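Student: I would like the atomic coordinates for the input below:
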Amino acid sequence: QVDQKKSLLSSLHAHQNQCGECRRGKETSFILRSKQNEIHCMKNLKILLLMAAFTVSVSSQGQEALGLRLQQFSGINSTLLNPALGGMYAKKWDINLIETVNSISNNYGFLENSKAGEVNRYRSIQNLYSRPDLTNDQTLGPNDLVLDYNTRNTSFYADVSANILGPSFLLRLGQHGIGLTTRARVETETIFPPDLGYYTYNANRGNVNMTPSHISSMAWREWGLHYDYTLSSADDRRLILGVNLRYLQGYEGLSIFNEQFSYRQIRTDSFEVSPGAATLMFTSGNLGVDENTPYEPKIQGTGFGLDLGVVYEYLGERWNCNLGFALNDVGNIRFRNSGQMHQFRNNATLIFDTNPYTTWSGASDLPLKASLLSDLLSGNPQASLVDSSFSIGLPTHLVFHGGLSQEVGWRMYFVVQQSLPLKTNQLHKASTAAVVGGWENNWVGAYMPISLYRWQRLRVGAALRLAFLTIGTDNLGPWMTRGNLSEAGFYAAVKI
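Tutor: Next up, the predicted model:
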């Protein structure tokens, strides 16, 4: 162990002495207010924003796609909200060719005077400024962007989601409904304390109360079987039971969560850290990816997912009404033999030098950085590595919904979705309450969802169906007007 420790440290020092980027990293400050580091961060952020703008423009969860899930012709797509909704589909069969539901949302920062979908503008960015660095007399050009930051008394969040429902079908056989779904999902979400806000951090001079926080991210594929059964107690009322069983194939997984601790800056590159604990889990099968080794997706874990739902429907002369309840995304993916699970514990106050951790050549450095931290805390670079496998839970959540509808004409619904945390290391669904109004016939439909995202952000969306094509967004504002851009989303589906 001692030899391994020495070898590890000497490799790091040799790399830092030979690498110009590392030598420069030694001369810069770890704190964001350091000008050199801030410029470096701004360059990286510019790249991320370009990627985000492209993603939003071509497809774009914060998106619930309620204008797509609650149509009378939703068919197999509606079973993603509640598997029992498949029993309300009036046709003999339904085929989804492709559906995409994706979004980006955060309450940490925003782009001033911006709106979603301006790909050409973002491609021509020349400068990305941080608002605190601008002087009052500084003139901005048409190709300049300004990033500013929120100040809050409650936690910050950031969500990125990309969902694609591939070829899928629903077949109705009397009281029975059977279906098959193919789906690819990428979910990333994080919660972190208000002390890490840009302005709050600087005002507190680097003193941070690090409340329990987490980062969770996972990319996976699903193969799903659907079944629903309709129980009719009379000609005008029925009870529908539904279930989705899914086989999950995990490609990548990352989970970081910490217990309560605090730290304070004592020098530009050092912090005094109180006792605390944290856990780091990540897949390692693709850490060697660089410009010479392209990324090749590989299955690194498997698992199962389950959705359960029930709907009660009353069929009236003019209006039909229904109430439904669902428990969705129960399950997890176990990443076996291709991951690392590290547990770090600091039992006494210590001085933390950031220099060994501020230079990165890529994701392949992650195991080395974990070993350095383990060596700092315990004197053993391998002490933190407790397992070569780990699990990440699906974003389990409850759904309660109801509404009134006509076969041809008006439709009005309410939907409440509440996150249900079952384990520490799992993805978390953003809790949402919404009302949806719309009108439709066989060929045309229009819908307007009004939602309260995470119980704090009011959104007004819109969706339009023309025969087999549906397009929409749960948040119309970022697409319509310029303002403080911090989120955007878009969904679309093609069915036959």
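
Student: Doesn't Gly250 lie inside a strand?
Tutor: Yes. Using DSSP: H, G, I helix; E, B strand; the rest coil, the assignment for Gly250 is a strand.

Student: Report the beta-bridge partners for the nearest residue to it once chain neighbours are set aside.
Tutor: Distances taken as Cβ to Cβ, 6 or more residues apart in numbering put Gly301 closest to Gly250, at 3.5 Å, once the chain neighbours are dropped. Placement of C-beta: from N, CA and C, glycine included. Bridge pairing for Gly301 (DSSP bridges) gives the partners Gly250, Phe335.

Student: which element is Gly445 on?
Tutor: strand 444-453 (DSSP states H and E).

Student: Quick one: residues in contact with that strand.
Tutor: 62, 64, 66-67, 70-71, 73, 105, 411, 430, 432-440, 458-467, 470, 472, 474-475 (Cβ atoms under 8 Å, 6 or more residues apart in numbering).

Student: Just give the number of residues close to the residue nearest to Gly250.
Tutor: Counted by other Cβ atoms under 10 Å, the residues lying close to Gly301 total 26.

Student: so what pLDDT did it get?
Tutor: With respect to pLDDT, Gly301 scores 95.

Student: do you know how far it is from Ala158?
Tutor: 24 Å (Cβ to Cβ, to the nearest Å).

Student: do the same with Thr432
Tutor: 16 Å.

Student: for Asn113, same thing?
Tutor: Distance, Asn113 to Ala158, by Cβ to Cβ: 21 Å.

Student: more crowded one of the two?
Tutor: Neighbour count, other Cβ under 10 Å: between Asn113 and Ala158, Ala158 has more, with 18 against 12.

Student: count of residues packed around Thr470?
Tutor: Thr470, neighbours per other Cβ under 10 Å, totals 24.

Student: what's the angle between the helix or strand containing Val160 and strand 444-453?
Tutor: Val160 belongs to strand 156-165 when assigned by DSSP H and E. With axes from the mean of the first three to the mean of the last three Cα atoms, to 10 degrees defining the directions, strand 156-165 sits at 150 degrees from strand 444-453.

Student: quick one: strand 156-165 to chain centroid distance?
Tutor: Averaged C-alpha coordinates place strand 156-165 at 3 Å from its chain's average position (Cα atoms, centre = their mean, to the nearest Å).

Student: Not counting its own residues, what contacts it?
Tutor: With Cβ under 8 Å, 6+ apart, strand 156-165 has contacts from 52, 55, 59, 61-63, 77, 80, 96, 98-108, 150, 181-194, 196-197, 430, 454, 493.

Student: taking those one by one, which sit in strands?
Tutor: Judged by DSSP state E, strands contain the following of these: 96, 98-106, 181-192, 493.

Student: Show me just the buried residues among the residues you listed.
Tutor: When those are checked for burial by 16 or more other Cβ atoms under 10 Å, the buried set is 96, 99-106, 181, 183-192, 493.

Student: residues in contact with the residue nearest to Val494 when sequence neighbours are not counted?
Tutor: Of all residues not flanking Val494 in the chain, Leu97 sits nearest, at 4.6 Å (Cβ to Cβ, 6+ apart). Going by Cβ under 8 Å, 6+ apart, Leu97 touches Pro167, Val494, Lys495, Ile496.

Student: What count of nearby residues applies to the first one?
Tutor: Here the neighbour count serves as a burial measure; for Pro167 (other Cβ under 10 Å) it reads 11.

Student: ok, it to His176 distance?
Tutor: For Pro167, the distance to His176 - Cβ to Cβ - is 21 Å.

Student: got any ranges where the protein has weak pLDDT?
Tutor: Where the chain drops to pLDDT under 70, the residues are 1-63, 288-291.

Student: Helices of that one, residue ranges please.
Tutor: 2-18, 20-27, 35-58, 66-69, 119-123, 198-203, 366-378, 477-480 (DSSP state H).

Student: Quick check: Arg221 touching Arg246?
Tutor: No. The criterion here is Cβ atoms under 8 Å, and Arg221 misses it with Arg246 at 9.8 Å.

Student: Specify the beta-bridge partners of Glu440.
Tutor: Gly409, Gly445.

Student: Settle this for me: it is touching Leu70, isn't it.
Tutor: No. Taking contacts as Cβ under 8 Å, Glu440 lies outside contact range of Leu70: 10.0 Å.

Student: Who has more neighbours out of these two?
Tutor: Leu70 (26 against 20).

Student: Show the contacting residues for the more buried one.
Tutor: Neighbouring residues of Leu70 by Cβ under 8 Å, 6+ apart: Ser78, Leu81, Gly403, Arg411, Tyr413, Val415, Val436, Gly438, Tyr447.

Student: again, 10 Å this time
Tutor: Residues near Leu70 by Cβ atoms under 10 Å, 6 or more residues apart in numbering: 77-78, 81-82, 85, 401, 403, 405, 411-413, 415, 434, 436, 438, 447, 449, 463.

Student: repeat for Gly402
Tutor: Val311, Tyr312, Cys321, Asn322, Leu323, Gly324, Phe325, Met412, Tyr413, Phe414, Val415, Val416.

Student: 8 Å instead?
Tutor: Gly402 touches Cys321, Asn322, Leu323, Gly324, Tyr413, Phe414, counting by Cβ under 8 Å, 6+ apart.

Student: Same check on Arg152?
Tutor: Contacts for Arg152 (Cβ under 8 Å, 6+ apart) come out as Asn107, Pro194, Gly197.

Student: Name the nearest residue to His397, ignoring sequence neighbours.
Tutor: Distances taken as Cβ to Cβ, 6+ apart put Lys429 closest to His397, at 3.9 Å, once the chain neighbours are dropped.

Student: Of the contacts of Arg152, which is the most crowded?
Tutor: Busiest of the contacts of Arg152 [other Cβ under 10 Å] is Gly197, holding 21 neighbours.

Student: ok, how many other residues are close to Ala370?
Tutor: Neighbour tally, Ala370, other Cβ under 10 Å: 19.

Student: and it, how far is that from Gln382?
Tutor: Distance, Ala370 to Gln382, by Cβ to Cβ: 10 Å.

Student: any shared contact partners between Glu440 and Leu70?
Tutor: Arg411, Tyr447.

Student: and of the contacts of Leu97, the nearest to Gly483?
Tutor: Val494 (31.3 Å; Cβ to Cβ).

Student: if I pick that closest one, what's in contact with it?
Tutor: Applying Cβ under 8 Å, 6+ apart, the residues contacting Val494 are Asn96, Leu97, Ile98, Glu99, Phe468, Leu469.

Student: That one pairs with what?
Tutor: Those that pair with Val494 in a beta bridge, by DSSP bridges, are Ile98, Leu469.

Student: same deal with Leu147?
Tutor: The partner residues for Leu147, given DSSP bridges, come to Leu111, Ser130.

Student: That one touches Leu111, doesn't it?
Tutor: Yes. Under the criterion of Cβ under 8 Å, Leu147 makes contact with Leu111 at 6.0 Å.

Student: How much space separates the spatially closest residue to Thr470 that is not a sequence neighbour from Ser388?
Tutor: Closest residue in space to Thr470, ignoring its immediate chain neighbours: Ala493 at 4.7 Å, by Cβ to Cβ, 6+ apart. Separation of Ala493 from Ser388 (Cβ to Cβ): 40 Å.
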